[in-house]
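[1] Quick one, structure for this:
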Amino acid sequence: KGEGHVEGEKVENPDTGLYYDEYLRQVIDVLETDKHFREKLQTADIEEIKSGKLSRELDLVSHHVRTRLDELKRQEVARLRMLIKAKMDSVQDTGIDHQSLLKQFEHLNHQNPDTFEPKDLDMLIKAVSTRYK
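    As a prediction, this is how the structure comes out:
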């Protein structure tokens with residue numbers, strides 16, 4: 001009682017139910033380590049976030065943050081590839097179009113699996129916001 005949120009304190013968020021929930025949380029956690037981005041996030045309204053305006057701020061985050069986001073994206077792409085392989089193994093159909101399977105994963109830009117770009121943040125935000133319309 002009477003205690004407010006303390007800066008730097010981790011707040012446990014409920015599971016969103018999204019199949020990429022862990023990725024979403026990790027991206028947010030990394031972005032919040034950048035002071036400039038955290039301030040923009042705190043002052044942005046929901047329309048700025050949904051419109052992609054906030055995603056453009058990604059170009060201003062520190063090199064360390066971008067490097068960590070790149071690594072998170074590579075891990076997520078590897079996880080998705082593993083899921084696709086498991087699905088393919090269970091079906092045993094050699095006529096599966098890998099690109100069409102990857103397009104099902106609309107929370108990241110699968111055409112650029114190595115770096116986390118503003119488009120990735122925009123796609124992640126749009127995927128989450130369409131889920132909760």
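[2] Near the closest residue to residue 31 other than its chain neighbours, how many other residues are there?
    The shortest distance from residue 31 to any non-neighbouring residue, by C-beta to C-beta, 6 or more residues apart in numbering, is to residue 37 (5.1 Å). (Glycine included, C-beta is placed from N, CA and C.) Close neighbours of residue 37, defined as other C-beta atoms under 10 Å, add up to 20.
[3] The helix or strand containing residue 37: what's the following helix or strand?
    Taking DSSP states H and E as the definition, residue 37 sits inside helix 35-43. Once the chain leaves helix 35-43, the next helix or strand it forms, by DSSP H and E, is helix 46-51.
[4] Go ahead and flag the most central residue of the protein.
    Among the residues of the chain, residue 24 comes closest to the average C-alpha position under C-alpha atoms, centre = their mean, at 4.2 Å.
[5] which sections of the protein are below the confidence cut-off?
    1-16, 90-104, 131-133 (pLDDT under 70).
[6] residue boundaries of the helices in it?
    With helices called from DSSP state H, the chain shows them at 21-31, 35-43, 46-51, 63-91, 98-103, 118-131.
[7] Could you name the helices and strands sitting against the longest one?
    If contacts are counted by 3 or more C-beta pairs under 8 Å, 6 or more residues apart in numbering; DSSP states H and E, helix 63-91 sits against helix 21-31, helix 98-103.
[8] go with 6 Å
    If contacts are counted by 3 or more C-beta pairs under 6 Å, 6 or more residues apart in numbering; DSSP states H and E, helix 63-91 sits against helix 21-31.
[9] which helices and strands sit right next to the helix it packs on?
    With contacts defined as 3+ C-beta pairs under 6 Å, 6+ apart, helix 21-31 has these neighbours: helix 63-91.
[10] Give me the distance between the helix it packs on and the centre of its chain.
    With C-alpha atoms, centre = their mean, to the nearest Å as the basis, helix 63-91 stands 11 Å off its chain's centre.
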